[in-house]
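Visitor: pasted the sequence and its predicted model underneath.
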Amino acid sequence: MSDTSFVRTEMLPQKAPPSTSVGIIGWARANLFSSPVNVVLTLASLYFVGYVLTSLLPWVFLSVWNADSLTECREIMNETWGSTHGHACWGVVNDRWLQLLYGFYPSELYWRVNLTLVVTLAALAPVLFAEKTPRQMLWLTGAYPFLMPWLLWGGSIWNPVVAALGFVTGYVVYRAVSEIAGSLLAVVATVVAALFWWFVLAAPAAALLSDIVPLTIETVESRKFGGFMLALLLGVVAIGVSLPIGILLALGRQSDLLVVKAMCVGFIEFVRGVPLITLLFVASLLLNVFMPPGTNFDIILRVMIMMTLFSAAYMAEVIRGGLASLPKGQYEGADSLGLNYWQAQRLIIMPQALKISIPGIVSTFISVFKDTTLVSIIGLFDVIGLSTAIRADTSWNGIYWELFAFIAVLFFVVCFSMSRYSMYLERKLQTGHKR
Amino acid sequence: MSSITDPPKANFRLSMLIYDTRYRSATIQIVALMGFMLLAAWLIGNAVENLNALGKTISFGFFHETAGYDINQRLLDYQSGDSHLRAALIGLLNTLVVALLGCVTATVVGVFVGVLRLSKNWIVAKIMTVYVEVFRNVPVLLWIALIFALVTESTPHPKTFRGLDTGAVVVTNRGTYLPEVLFSNSLGDISLFGQSALRFDVSLDLLAIVLVLAGGFFASFKLRKRADRIQEATGDRPTTWWQRLLVIFVPLGILLAVLGLHFGYPELKGFNFRGGTHLRNSLIALWLALSLYTAAYIAEIVRGGILAVSHGQSEAAGALGLRSGRIMNLVVLPQALRVIIPPMISNYLNLTKNSSLAIAVGYMDITGTLGGISMNQTGRELECVVLLMAVYLVISLSISASMNWYNNRVKLVER
């Protein structure tokens, strides 16, 4: 019997997958048209996207850039397209972008603001991208807190130098005293010496030095600060200062010392319970009441203090979350190695806790930066305050969307890059197993 | 031969306060407390000195003075001749109104967006991502200003409605008008607290409706319990859904018919609409901006919560033979809620605190009344700001207390 079925002796070559399940068509079938509901959703979304783009793109691109007033803009629009509707008047941005960025800062001194921005980025670089930048750049980061105010506010170079010397004095005293007496005594001596330097010796020393070598750049008063520069300034200061304060507050809240814990909890809950705007009211109306009679310190400084305290409270809660999520074994392990409290915090606890809290820390940064716009309510001219001021000008009366769009783009760029950076950092510090 | 001896009793030395762990914590705490008290004393001393120099004393007597300004969006009656206390009360209610509206809308939008962001449909997921990123990365104050400009600048003027003259919902550049609920056989009001600043009218109609509704819900609850008992005993569950709906809605319908429910529609009279419930643009802008802004955060929380429930859970539920709706209700959501609720609380708190930005669009909330016009008129900055902070603290702490109570109920009970 030889009616055995046909048996193939060699393998068939592989066939290409059907064209409906690969490539663009396959992708669209899987991701856009997988079920009747999805078809409806996709069509509705496509219609929505098309509608938004067809109204937005002509508005953005078929627009007027060269005009000195809204009336002129409208005339140009009527001449070119026959209607004023659906076309942006970027003339206002073209006319006022310097003001929106720099506020009322003297225009011949814009280079100082630009330089500050460059220095800020350079000082941030070794912190943000530690392994890609030379370590020597950390010196710039150290000098930054003294350099930045001098560049922005101006005055004699000896002021920041003398202020920095306070830290040097403290360091020298610490080294000297800690050899003779214990470390706690050394800390006390350091604080006393530094305070003595700042409050007693610094002013005459600065005056003397500037008499000998007068190195002075033009002073700019705080009331000329404004625009996006003000948001960046407040943001950088509040973010930079609030992180260490937040860490201390979080540690205080976790501490066994009842009094310290109570003070930290009280502070954190109070600040988190009230809106920032009330704290800014305190800065603008009340802070001078609580200072010795006759003190009248700068409104921007007052706002900075309040914003820093505000963000420190939020930062503390974020870091507390990180501390709480560390397994108890880490604390016990640090104890069993014989580390004291601060060594354990510095070497074992904080590196892990901070790593866990990176997303929270960065979102706090972002919200602090966005909250700097609130200063417009207490009368400082940040971008939103300036946009109102520009609208009060007769030539730009009635312009809204172009200004809002410009401001929104400014904030979006900064905040979005911060959130992307946090994702990068999370990936970089990820030491666990990747799945 | 060795013997265990007590360690030698050291004499107390001053340095032990610092170096001996038995005393060190007490030393640190006492120093911290003293420092804190010194700081407080310094601040208060300065304040007293400064206030003396200005010839001011701290007093809340200004509360009984005439406020003299108008509040156009309000829940209770108020005239400009009323006191500052009444104005602050109206402002407080306005804060609570916008916070409540905002929280509800933000939750609805946020859950919707968060779920859609997980959709397998690429374009829907991308649109939702764009929404979330755009709203989270631009300051809320800008959104408030932008939406306020949108509702005032691109909505029609009342005069464009000439010829139409009425409508159920009218959107104009002077605000939105909604139909108003009226009763022709109204039971009247009860006035509480006489003519004082806290005076308050309780509508008996509303009270009757609430009572009837509560009774209906109670009866419906009893019906469900009875059905549960029958199911336990016999295994058959009687169909009760129509009975449960009837006991709620029939008495309510009868009551509304007796009271003579009808709607008052807004009508164009002169240059403006009259009648109906008038929502000012300031309220609408603040409400929409706060809701959309917070919804972007809530969407992320919801997404994170759903992702946090491991896939094995829904697969196991499927293996037990549960239907997909039941898998969602009985397995996934209860676990996701545990992750979602704590950050949700802090977003509700943020929304409530952000409602203080009402001052930017002229919505008269507590910041606009007590911290705004009242403060400027009386010059009592210290009292007003302190009180304002206290009010917000009380609101925040009560929201977080009630939400924590709820959180503790749904929390996984561990060892």
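Guide: Looks like it arrived, so ask away. Here the structure is a predicted model, which is why all the values come from computation and not from measurement.
Visitor: any idea how far residue A:361 is from the closest residue in space to residue A:368 that isn't next to it in sequence?
Guide: Leaving aside its chain neighbours, residue A:368 sits nearest to residue A:311 (4.3 Å; criterion: Cβ to Cβ, 6 or more residues apart in numbering or on different chains). C-betas here are computed from N, CA, C, even on glycine. Applying Cβ to Cβ, to the nearest Å, the value for residue A:311 to residue A:361 is 10 Å.
Visitor: the residue nearest to residue A:368: neighbouring residues, count only.
Guide: 26 (other Cβ atoms under 10 Å in any protein chain shown).
Visitor: what's the helix or strand for it?
Guide: Using DSSP states H and E, residue A:311 sits within helix A:299-324.
Visitor: hmm, residue B:327 is touching residue B:317, no?
Guide: Yes: here residue B:327 lies in contact with residue B:317, judged by Cβ atoms under 8 Å, at a distance of 4.4 Å.
Visitor: in chain B, what helix or strand scores lowest on average pLDDT?
Guide: helix B:16-19 (a mean of 72; mean pLDDT, DSSP states H and E).
Visitor: so that helix, near chain A or not?
Guide: Yes: residues of helix B:16-19 contacting chain A under Cβ under 8 Å from any Cβ of the partner chain: B:18, B:19.
Visitor: can you check stretch B:78-98 too?
Guide: No: against chain A, stretch B:78-98 shows no contacts by Cβ under 8 Å from any Cβ, the least distance being 10.2 Å.
Visitor: show me which residues of the stretch 1-150 of chain B sit near chain A.
Guide: B:15, B:18-19, B:25, B:28-30, B:32-33, B:36, B:43, B:46-47, B:49-51, B:53, B:119-124, B:127, B:133-134, B:136-142, B:145-146, B:149.
Visitor: picking up where we left off before, buried residues, the least confident helix or strand of chain B. List them.
Guide: Neighbour counts over helix B:16-19 (16 or more other Cβ atoms under 10 Å in any protein chain shown) mark residue B:17 as buried.
Visitor: mind giving me the packing neighbours of it?
Guide: If you count contacts as 3 or more Cβ pairs under 8 Å, 6 or more residues apart in numbering or on different chains; DSSP states H and E, helix B:16-19 packs onto helix B:21-54.
Visitor: how far does the very next helix or strand once past the helix it packs on sit from its chain's centre?
Guide: Downstream of helix B:21-54, the next assigned helix or strand under DSSP H and E is helix B:84-117. Distance, stretch centre to chain centre, for helix B:84-117: 5 Å (Cα atoms, centre = their mean, to the nearest Å).
Visitor: what is the neighbour count of residue A:411?
Guide: Neighbourhood size, residue A:411 [other Cβ under 10 Å]: 21.
Visitor: give me the contacts around the least confident helix or strand of chain B.
Guide: Defining contact as Cβ atoms under 8 Å, 6 or more residues apart in numbering or on different chains, one finds that helix B:16-19 is touched by A:182, A:184, B:10, B:22, B:23, B:24, B:27.
Visitor: element containing the second one, please.
Guide: Take DSSP H and E as the rule and residue A:184 turns out to sit in helix A:183-196.
Visitor: next secondary structure element downstream of that helix?
Guide: Sequence-wise, the next helix or strand downstream of helix A:183-196 (DSSP H and E) is helix A:202-212.
Visitor: what are the phi and psi values at residue A:225?
Guide: phi -70, psi 140 (degrees, to the nearest 10).
Visitor: thought it was touching residue A:301?
Guide: No: the criterion here is Cβ under 8 Å, and residue A:225 misses it with residue A:301 at 11.0 Å.
Visitor: those two: which has the busier surroundings?
Guide: residue A:225 (24 against 14).
Visitor: pLDDT score assigned to the more buried one?
Guide: Listed pLDDT for residue A:225 reads 89.
Visitor: ok, now how distant is the nearest residue to it once chain neighbours are set aside from residue B:87?
Guide: Computed as Cβ to Cβ, 6+ apart, the closest residue to residue A:225 that is not its neighbour in sequence is residue A:103, at 5.5 Å. Distance of residue A:103 to residue B:87, given as Cβ to Cβ: 35 Å.
Visitor: what's the closest non-adjacent residue to residue B:259?
Guide: residue B:183 (4.4 Å).
Visitor: which strand residues bridge that neighbour?
Guide: In this structure, residue B:183 bridges to residue B:261 when assessed by DSSP bridges.
Visitor: near it, how many other residues are there?
Guide: 19.
Visitor: swap in residue A:15?
Guide: Around residue A:15 there are 6 residues (other Cβ under 10 Å).
Visitor: could you do residue A:109 as well?
Guide: Residue A:109, neighbours per other Cβ under 10 Å, totals 17.
Visitor: next up, the contacts around the residue nearest to residue A:117 when sequence neighbours are not counted.
Guide: Spatial nearest neighbour of residue A:117, excluding adjacent residues (Cβ to Cβ, 6+ apart): residue A:232 at 7.4 Å. Counting by Cβ under 8 Å, 6+ apart, residue A:232 touches A:117, A:120, A:414.
Visitor: re earlier: chain center to the helix holding residue A:184, what's the gap?
Guide: 33 Å.
Visitor: that helix close to chain B?
Guide: Yes: using Cβ under 8 Å from any Cβ, helix A:183-196 comes into contact with chain B via residue A:184.
Visitor: helices and strands around that helix, which ones?
Guide: helix A:158-180.
Visitor: quick check: mean pLDDT across the helix it packs on?
Guide: 85.
Visitor: kindly export that helix (C-alpha atoms) in PDB.
Guide: C-alpha atoms of helix A:158-180 as PDB (Å, rounded to 0.1, in the frame of the first residue of the first chain):
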ATOM      1  CA  TRP A 158      33.600  93.800  49.100                       C
ATOM      2  CA  ASN A 159      30.200  93.300  50.500                       C
ATOM      3  CA  PRO A 160      29.900  89.700  49.200                       C
ATOM      4  CA  VAL A 161      33.600  89.000  49.900                       C
ATOM      5  CA  VAL A 162      33.200  90.200  53.500                       C
ATOM      6  CA  ALA A 163      30.100  88.100  53.900                       C
ATOM      7  CA  ALA A 164      31.900  85.100  52.600                       C
ATOM      8  CA  LEU A 165      34.800  85.800  55.000                       C
ATOM      9  CA  GLY A 166      32.300  85.200  57.800                       C
ATOM     10  CA  PHE A 167      32.200  81.600  56.800                       C
ATOM     11  CA  VAL A 168      36.000  81.400  56.500                       C
ATOM     12  CA  THR A 169      36.300  82.900  60.000                       C
ATOM     13  CA  GLY A 170      33.900  80.300  61.300                       C
ATOM     14  CA  TYR A 171      35.800  77.500  59.700                       C
ATOM     15  CA  VAL A 172      39.100  78.800  61.100                       C
ATOM     16  CA  VAL A 173      37.700  79.100  64.500                       C
ATOM     17  CA  TYR A 174      36.200  75.700  64.300                       C
ATOM     18  CA  ARG A 175      39.500  74.100  63.400                       C
ATOM     19  CA  ALA A 176      41.300  76.000  66.100                       C
ATOM     20  CA  VAL A 177      38.800  75.300  68.900                       C
ATOM     21  CA  SER A 178      38.000  71.700  68.100                       C
ATOM     22  CA  GLU A 179      41.700  70.900  68.700                       C
ATOM     23  CA  ILE A 180      41.600  72.400  72.100                       C
END
